[in-house]
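Trainee: what follows is a protein structure lacking sequence information:
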């Protein structure tokens, strides 16, 4: 009898093991934080569990794709925002969001804080909203290479713009793969953690492919790995693989050419203007952020005075590389109004895949309301996007800051594309970049 009981217990134990392996363990979060039963009792695991539930509750109560009902939609025009309600809710996105939260929580005690942080980034990216994100995780180590997207023969690629000295012969080579995984597949997988357009990942977010955090999150390498193999295609068509070792971000190689281009200096000077000649004005806006030394309102007043003199025949407004910030900056509405209504001659708007949010919004308004405006360059994110007008949120225990959109900003009603398309498509060439020549700006300067 004892043998029979022992055999039965053994069978039950084996069955339990196989059942445990066949179904992924999940938490019990149903979308209502008040009904949630916590899995962990205390300590680090409980802290993260509370943080994840807090973030999920915030998104499920605010984000337009996750709230079953109408949300605010702001229809933009110079100096005015008309408000109407729009319906953005997607039941499938809400279900995937909740399911992913439930899959992450049981893994808390098995993975590192960094891995949890990256998985939270992935949860937020499910909304498809690049304006909602979690930030403040300090990336202190990177691989000794700096990358950027250039278009060659009509196709985007990722190219080397700086690399450790021993591999200097690989400058301006194209990145083909990392640890044997093709760059196109890597970009596609990165969008699961960074909800940005493909153009943005080739440019503004190309730094993701220089860091262990993102490469590990998408399965290119393990989090504990110190090295990774990059495969580059050189100018003569030959390929070369190099094994790069993670090192301090402070020791990262410097791009010798970047200083020649405004679109790499978005935080050096947030905004400025200069007269190219007596009839041509160049306005650079890398970031809509008030600075203590030179207010945006002051710049706007100066631009208005220049326009009233009646000598301007060409105006170039450059949003490439950044143009985040806030429309709450002093003088913003006035800036839109004068560009759209005063005589600035032929207006050219420089755009690229790295332009985002407020830069795209502003470019869209100008393009619609100024018949002389022409968008030149390459596509950026779309003109209609989610945004927020409230304070930042913080995880209650781990303290990381995050944003959650609560409205839709419609800067171009009825726009037919998912991205803001240029009227004249011109890409920065790799050859011009080598020589410090801004392809797009030079092309516009040559236009009559």
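Mentor: Okay, I see it. Nothing here was measured: the structure is a model prediction, and the numbers come from that model.

Trainee: give me the number of residues near residue 34?
Mentor: Using other CB atoms under 10 Å, residue 34 is surrounded by 5 other residues. In this view, the C-beta of every residue, glycine as well, is placed from N, C-alpha and C.

Trainee: next one: residue 252
Mentor: Number of residues near residue 252 (other CB under 10 Å) recorded here: 19.

Trainee: residue 183 too?
Mentor: With other CB under 10 Å as criterion, residue 183 counts 22.

Trainee: so it makes contact with residue 189?
Mentor: No. Applying CB atoms under 8 Å as the test, residue 183 and residue 189 come out as separate, 10.7 Å apart.

Trainee: wasn't residue 196 part of a strand?
Mentor: No. Secondary structure of residue 196 (DSSP: H, G, I helix; E, B strand; the rest coil): coil, not part of a strand.

Trainee: measure it to residue 310 for me?
Mentor: 41 Å (CB to CB, to the nearest Å).

Trainee: between those two, point out the one with more neighbours.
Mentor: Each of residue 196 and residue 310 has its neighbours counted (other CB under 10 Å); residue 196 has more, 25 against 9.

Trainee: tell me the contacts of that one?
Mentor: By CB atoms under 8 Å, 6 or more residues apart in numbering, the contact list for residue 196 reads 130, 204-205, 356, 381.

Trainee: and the furthest pair within these?
Mentor: Maximum pairwise distance in these, criterion CB to CB, is 11.3 Å, between 205 and 381.

Trainee: report the secondary structure element holding residue 229.
Mentor: Taking DSSP states H and E as the definition, residue 229 sits inside strand 227-233.

Trainee: ok, which stretches of this structure are helices?
Mentor: Under the criterion DSSP state H, the chain contains helices at 2-22, 43-62, 91-104, 113-125, 183-190, 198-202, 212-217, 296-308, 332-341, 358-369, 430-434, 439-446.

Trainee: for residue 236, which of those helices is the nearest?
Mentor: The closest of the helices of the chain to residue 236 is helix 430-434. By CB to CB, the value is 14.2 Å.

Trainee: could you list every helix and strand in contact with the closest one?
Mentor: strand 145-152, helix 439-446 (3 or more CB pairs under 8 Å, 6 or more residues apart in numbering; DSSP states H and E).

Trainee: flag the shaky bits of this protein, pLDDT-wise.
Mentor: For the chain, applying pLDDT under 70 flags the ranges 1-24, 72, 74-83, 136, 258-269, 323.

Trainee: would you point out which residue is most central in it?
Mentor: Nearest to the geometric centre of the chain sits residue 196, at 4.9 Å (CA atoms, centre = their mean).

Trainee: ok, back up a step: deepest of the helices and strands packed on helix 430-434, which one?
Mentor: Highest mean neighbour count of these: strand 145-152, a mean of 21 (counted as mean count of other CB atoms under 10 Å).

Trainee: neighbouring contacts of it?
Mentor: Applying CB under 8 Å, 6+ apart, the set of residues contacting strand 145-152 is 156-164, 174-175, 199, 201-203, 206-207, 209-210, 230, 244, 252-255, 353, 378, 427-430, 433.

Trainee: ok, of these, which come out buried?
Mentor: Buried subset of those (neighbour count, 16 or more other CB atoms under 10 Å): 156-164, 174-175, 199, 201-203, 206, 209-210, 230, 244, 252-253, 255, 353, 378, 427-428, 430, 433.

Trainee: tell me which of the residues you listed fall in strands.
Mentor: Applying DSSP state E to the buried ones among the contacts of strand 145-152, the entries found in strands are 156-163, 174-175, 230, 244.

Trainee: could I get these in a markdown table, plus columns for distance to residue 26?
Mentor: As requested, those are exported to a markdown table (distance: CB to CB, whole Å):
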| residue | distance to residue 26 |
| --- | --- |
| 156 | 39 |
| 157 | 40 |
| 158 | 37 |
| 159 | 43 |
| 160 | 43 |
| 161 | 44 |
| 162 | 44 |
| 163 | 44 |
| 174 | 42 |
| 175 | 38 |
| 230 | 37 |
| 244 | 38 |
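
Trainee: for the residues you listed, which one is nearest residue 45?
Mentor: Nearest to residue 45 among those, with distances taken as CB to CB, is residue 244, at 34.3 Å.

Trainee: doesn't residue 225 make contact with that closest one?
Mentor: No. Between residue 244 and residue 225 there is no contact under CB under 8 Å: 11.2 Å.
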